[in-house]
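# Okay, sequence plus prediction incoming.
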Amino acid sequence: MSGVAKKLIPLFDRVLIKKFEAVTKTKGGIVIPEKAAAKVLKGTVVAVGPGSRNQNGDHVPLAVKVGDNVLLPEYGGTKVELEENTEYHLYRESDILAKLDA
């Protein structure tokens, strides 16, 4: 378990995600201004909650696990400050759009 995952343990169906860093320079060396850079919509799962319960009270485990790369919605999630210069966000599992192949 990483140091960040020890600091924050998500509850229920929530997932802590470290967003990928935005591209700030092209392959040719041109610097991309912050306003012109595309939004980062991908991240890595850092910590997961235990899951939720369905209408019958049965435990429903999460479909994502620590280390999965995921596709995120443009808006949503709760920004969490755990380390300097690193963006972490809490999402409900149902807000995650897809798992990405490694």
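Here it is on my side, so go on.

# alpha carbons only for contacts and neighbour counts from here, please
Noted.

# What residues sit buried inside stretch 57-67?
62, 64-66 (16 or more other Cα atoms under 10 Å).

# Not counting residues beside it along the chain, what's closest to I17?
Spatial nearest neighbour of I17, excluding adjacent residues (Cα to Cα, 6 or more residues apart in numbering): V45 at 4.5 Å.

# Counting by contacts, list what the helix or strand containing that neighbour packs against.
Using DSSP states H and E, V45 sits in strand 42-48. Based on contacts counted as 3 or more Cα pairs under 8 Å, 6 or more residues apart in numbering; DSSP states H and E, the elements that strand 42-48 packs against are helix 3-7, strand 14-19, strand 69-71.

# how about a cut-off of 6 Å?
Helices and strands touching strand 42-48, by 3 or more Cα pairs under 6 Å, 6 or more residues apart in numbering; DSSP states H and E, are strand 14-19, strand 69-71.

# Adjacent strands (with direction) for that strand?
Strand 42-48 has the following sheet partners, assigned by DSSP bridges: strand 14-19 (antiparallel), strand 69-71 (antiparallel).

# For the longest one, give me every contacting residue.
Right, strand 14-19. Strand 14-19 is contacted from outside by 42-49, 87-93, using Cα atoms under 6 Å, 6 or more residues apart in numbering.

# Of the residues you listed, keep whichever come out buried.
With burial judged by 16+ other Cα under 10 Å, the buried subset of those is 42-49, 87-93.

# Name the nearest of those relative to G28.
K42 (23.3 Å; Cα to Cα).

# how much space between the most centrally placed residue in the chain and A47?
In the chain, the centroid-proximal residue (Cα atoms, centre = their mean) is I17; its distance is 2.3 Å. In this view, I17 and A47 are 7 Å apart by Cα to Cα, to the nearest Å.
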